[in-house]
Structures are given as C-alpha cells and as structure tokens.
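J.: Could you look at this predicted model? Sequence included:
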Amino acid sequence: MNHKISRFESISELQELVDKQIKELDKKIDVQSKFIGDKIREGEKNNVEELSDLKEKLNPDKSKNTKDKDKKSKNKPGNDKKSKNSKQNKKSKKGQSEDWINYENLHLYNGVGTRGELELYFKSLEEMKEKSERLTNTKASLEQLIKSGIKKELSGVGFEQQDGPYELAFIKTDSKREKFSFKSILTTGCE
C-alpha cells in the first residue's frame with residue numbers, strides 16, 4: 001500500500017499515527033540541521049568565498065549591513081570598476097541559483113564543492129519543515145474535530161497530500177461492534 005495512504009480503526013489511532021510522524025520528522029530535522037552546521041564550520045576552514053552566499057541566507061540581518069556597506073563603497077569615487085571575481089547569484093523560478101544546469105531529467109550543480117551539497121541539504125530541510133508544519137496543523141484539526149463531537153470509533157482512510165491538506169474518508173467496517181448491555185440479577189424481599 002502507498003506510504004501516503006493510512007488506514008485507521010479510530011480517530012485516536014489516526015492521531016497517534018500523525019503524532020508519530022511528527023516526532024520522527026522532528027528528529028530528522030534536528031539531525032540534518034546539526035549536519036549542515038558541521039558542514040558549514042568545516043567549509044569555513046577550507047574555503048570562505050564558496051560559502052559566503054549561504055552565510056548571507058542564514059544571517060539575513062548581517063547580510064543587509066554588508067550590502068549597505070557595499071553600496072556605500074561603490075558610490076565612492078574610484079570604485080566604478082566592476083570586479084570580475086564577484087559572482088551574482090540570480091534566482092530562477094524554482095529558487096535555484098545559476099550554478100544549476102538542466103540535463104535531460106537531472107538538475108546538476110555546475111561545480112565541485114561543498115556549496116552544491118549544502119544547497120541540496122537546505123532544500124531538503126525546508127521541505128521537511130513544511131511537512132512537519134502541515135502534520136502539526138492536521139493534528140490540531142483532528143483535535144478540533146473530536147471537540148466538535150465526531151465519534152471516536154469511526155474508521156477510515158487518510159491520504160497525505162504533497163502540498164495540500166490531509167484528506168480523510170470514513171468507511172464502514174465489516175466487524176460489528178458489540179452494543180452495550182448490562183446484565184444483573186434483581187432480588188427483592190417478600191412481604
């Protein structure tokens with residue numbers, strides 16, 4: 001069965017499933033974040049220029065200050081020449097820099113080094129964070145659904161969409177649930 005399709009016997013079982021997915025995803029996010037940090041520190045030792053753009057993405061406040069300094073220095077006389085060594089990373093529609101090349105059904109990084117690798121890790125990290133946020137919203141919606149009075153015993157099928165809401169379809173099960181019955185012996189005294 002598809003890993004995005006989940007079958008559940010009760011709403012609480014679905015809640016547990018979603019909660020488990022959130023916890024697993026948060027662990028992966030944490031591990032990958034630490035790995036990215038280690039790669040950046042390792043790259044700082046080896047090649048400062050290669051990772052300067054990624055540092056700007058991580059620290060947007062600092063990058064604004066450096067951009068303001070660059071603009072001021074460009075406006076000073078004698079700085080009219082453009083540097084041949086400076087690269088501009090224009091973004092395409094997909095959010096990739098110019099350093100990426102389309103080759104048939106592949107998207108290849110034009111170069112060898114840490115930067116292309118880190119861009120892929122950042123992209124993966126963003127997708128995991130978005131998925132975690134969607135699952136958290138799904139969990140909150142399930143809690144709200146229960147508060148509104150839906151039966152917890154309903155079974156069904158759930159479909160986790162790539163970019164949309166979690167879809168649910170409730171189904172009838174073949175197993176009949178036993179009705180509540182109370183058996184007791186009543187004794188009364190004689191007069």
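T.: Noted; the coordinates are in hand. Residues are numbered from 1 along each chain as shown.
J.: So for the longest helix along the chain, what gets flagged as buried?
T.: As assigned by DSSP state H, the longest helix anywhere in the chain is helix 11-46. Buried residues in helix 11-46, counted by 16 or more other CB atoms under 10 Å: 11, 14-15, 17-18, 21-22, 25, 29, 36, 39-40, 43. Where C-beta positions appear, they are placed from N, C-alpha and C, glycine not excepted.
J.: I'd say residue 33 and residue 125 touch.
T.: Yes. Counting by CB atoms under 8 Å, residue 125 is a contact partner of residue 33 at 6.7 Å.
J.: Give me the next element, helix or strand, following the helix or strand of the chain with the lowest mean pLDDT.
T.: Ranking every helix and strand in the chain by mean pLDDT, DSSP states H and E puts helix 60-75 at the bottom, with a mean of 50. Next in sequence after helix 60-75, counting helices and strands by DSSP states H and E, comes strand 100-103.
J.: hmm, who's touching that next one?
T.: 92, 107, 108, 109, 110 (CB atoms under 8 Å, 6 or more residues apart in numbering).
J.: how much space between the fourth one and residue 40?
T.: Think residue 109. 17 Å (CB to CB, to the nearest Å).
J.: cool, and the second one?
T.: Noted for residue 107: a distance of 22 Å to residue 40, by CB to CB.
J.: One more: the third one?
T.: As defined by CB to CB, residue 108 lies at a distance of 22 Å from residue 40.
J.: and the helix or strand encompassing residue 146, what's its mean pLDDT?
T.: Per DSSP H and E: residue 146 is located in helix 114-147. What helix 114-147 shows for mean pLDDT is 91.
J.: List the buried residues in it.
T.: 114-116, 118-119, 121, 125, 128, 131-132, 134-135, 138-139, 142.
J.: Give the other helices and strands that it contacts.
T.: Judged by 3 or more CB pairs under 8 Å, 6 or more residues apart in numbering; DSSP states H and E, the packing partners of helix 114-147 are helix 11-46, helix 52-58, strand 106-109.
J.: where does the protein dip in pLDDT?
T.: 1-3, 44-97, 174-184, 186-187, 191 (pLDDT under 70).
J.: contacting residues around the nearest residue to residue 168 once chain neighbours are set aside?
T.: Leaving aside its chain neighbours, residue 168 sits nearest to residue 158 (5.2 Å; criterion: CB to CB, 6 or more residues apart in numbering). Residues in contact with residue 158 (CB under 8 Å, 6+ apart) are 5, 6, 7, 8, 14, 17, 166, 167, 168, 169.
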